[in-house]
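Asks: got a predicted structure here, sequence first:
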Amino acid sequence: MGLETFLLWLLVGLVAGWLASLIVPGPFGVIGDIVVGIVGAFVGSFIFRSLDIGVPFGGLPGRILVAFVGAVILLLILRLFRRATVRS
């Protein structure tokens, strides 16, 4: 993996994580948003491929959209687990 690829992953993760945190707020901060965005990219990619859904546009905006969807789903799952552990 080259430096450009790494920086692109960070950019996509940051934007997707930040957008997802606007929809599903969480106490993760900037670094947490990047991590959620990057992991969300994997989750979103898995979901899109599993459901055979095509991205309406390609390139960087398409990657951010897939990562955003995955990050929102990931944040919702994390919120469910956090509520379950707080109640116990």
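Replies: All right, it came through fine.

Asks: in the lengthiest helix in the chain, what counts as buried?
Replies: Determined from DSSP state H, the single longest helix within the chain is helix 59-87. For helix 59-87, a neighbour-count test (16 or more other C-beta atoms under 10 Å) marks 63-75, 78 as buried. C-beta here means a position set from N, CA and C on the backbone, and glycine is covered the same way.

Asks: most widely separated two among these?
Replies: Distance extremes for the buried residues of helix 59-87: the farthest pair is Arg63 and Leu78 at 21.7 Å, using C-beta to C-beta.

Asks: give me the contact list for whatever helix or strand Phe42 lives in.
Replies: Per DSSP states H and E: Phe42 is located in helix 29-50. Here helix 29-50 makes contact (C-beta atoms under 8 Å, 6 or more residues apart in numbering) with 9-10, 12-18, 20-21, 26, 28, 53-55, 63, 66-75, 78.

Asks: how about stretch 56-74?
Replies: For stretch 56-74, contacts defined as C-beta under 8 Å, 6+ apart pick out 8, 12-13, 15-17, 19-20, 23-24, 36-48, 55.

Asks: any idea how far Ile38 is from Val24?
Replies: Separation of Val24 from Ile38 (C-beta to C-beta, to the nearest Å) stands at 16 Å.

Asks: could you check which of the two has the larger neighbour count?
Replies: Ranked by neighbour count (other C-beta atoms under 10 Å), Val24 and Ile38 place Ile38 first, with 20 against 16.

Asks: distance of the more buried one relative to Asp52?
Replies: Relative to Asp52, Ile38 is positioned 24 Å away (C-beta to C-beta).

Asks: any low-confidence regions in the chain?
Replies: Along the chain, segments meeting pLDDT under 70 span 84, 86-88.

Asks: one more pass at 80, please.
Replies: Low-confidence segments of the chain (pLDDT under 80): 1, 26-30, 82-88.

Asks: and stretch 39-59, how far out from the chain's middle?
Replies: Here stretch 39-59 is found 11 Å from its chain centre; the criterion is C-alpha atoms, centre = their mean, to the nearest Å.
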